[in-house]
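Visitor: Build me a structure from this.
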Amino acid sequence: MHKLHDKAVEGVEYFNGRQFFKALLPLEDAYFASEKEARVFYQGLVQLTAAMLKITRWPKKSAALSLLRKSNEKLEKINPENFEVEILLLINDIKKLSDGISVMKGETLNQINPENLPFLKIKSE
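Guide: The predicted structure follows:
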């Protein structure tokens, strides 16, 4: 099992604290420091974090859906047994969020409560 990169641990804490802007840089650092499957994993988390920013700060439906789709594509490529994050749960949460956004009227996403957004659950929790 891949242990979370030190920077990723910081990014996960910010992400789960709904501080998505602060989460982005440490997750990007983990991405750049990783190789192979871990790099794909961190890329998926970076794209998910960017989607959360689109939803909470710049609520544009099309941009959020695009980033959610890209994140899911990355996370579905990796073996969930290889990482400390509950990837299958996360994929399911992303799909539910995407489905909910897809049926919303208009382009803005002002009505989404940040507490209803996905969390990054660590397997040891």
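Visitor: any idea how far stretch 78-91 is from the chain center?
Guide: Between the centre of stretch 78-91 and the centre of its chain there are 12 Å (C-alpha atoms, centre = their mean, to the nearest Å).
Visitor: Residues contacting that stretch, please?
Guide: 1-4, 12, 37-38, 40-41, 44-45, 48, 72, 75-76, 118, 120-124 (C-beta atoms under 8 Å, 6 or more residues apart in numbering). Any C-beta I mention is one placed from the backbone N, CA and C, and that applies to glycine too.
Visitor: Please identify the buried residues of it?
Guide: Using 16 or more other C-beta atoms under 10 Å as the test for burial, stretch 78-91 gives Ile78, Pro80, Phe83, Glu84, Val85, Glu86, Ile87, Leu90, Ile91.
Visitor: Likewise for stretch 50-67?
Guide: 50-56, 59, 61, 63-65, 67.
Visitor: okay, it in PDB with CA atoms only?
Guide: Once non-C-alpha atoms are left out, stretch 50-67 reads as follows in PDB (Å, rounded to 0.1, in the frame of the first residue of the first chain):
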ATOM      1  CA  ALA A  50     -10.100  22.100  -8.400                       C
ATOM      2  CA  ALA A  51     -13.700  20.900  -8.900                       C
ATOM      3  CA  MET A  52     -14.400  21.700  -5.300                       C
ATOM      4  CA  LEU A  53     -13.000  25.200  -5.800                       C
ATOM      5  CA  LYS A  54     -15.200  25.600  -8.900                       C
ATOM      6  CA  ILE A  55     -18.200  24.600  -6.800                       C
ATOM      7  CA  THR A  56     -17.500  26.700  -3.700                       C
ATOM      8  CA  ARG A  57     -15.700  29.800  -5.100                       C
ATOM      9  CA  TRP A  58     -16.500  30.100  -8.800                       C
ATOM     10  CA  PRO A  59     -19.700  28.100  -9.100                       C
ATOM     11  CA  LYS A  60     -19.800  27.200 -12.700                       C
ATOM     12  CA  LYS A  61     -21.600  24.000 -13.500                       C
ATOM     13  CA  SER A  62     -19.800  23.000 -16.800                       C
ATOM     14  CA  ALA A  63     -16.300  23.600 -15.300                       C
ATOM     15  CA  ALA A  64     -17.100  21.600 -12.100                       C
ATOM     16  CA  LEU A  65     -18.600  18.700 -14.100                       C
ATOM     17  CA  SER A  66     -15.600  18.500 -16.400                       C
ATOM     18  CA  LEU A  67     -13.200  18.400 -13.500                       C
END
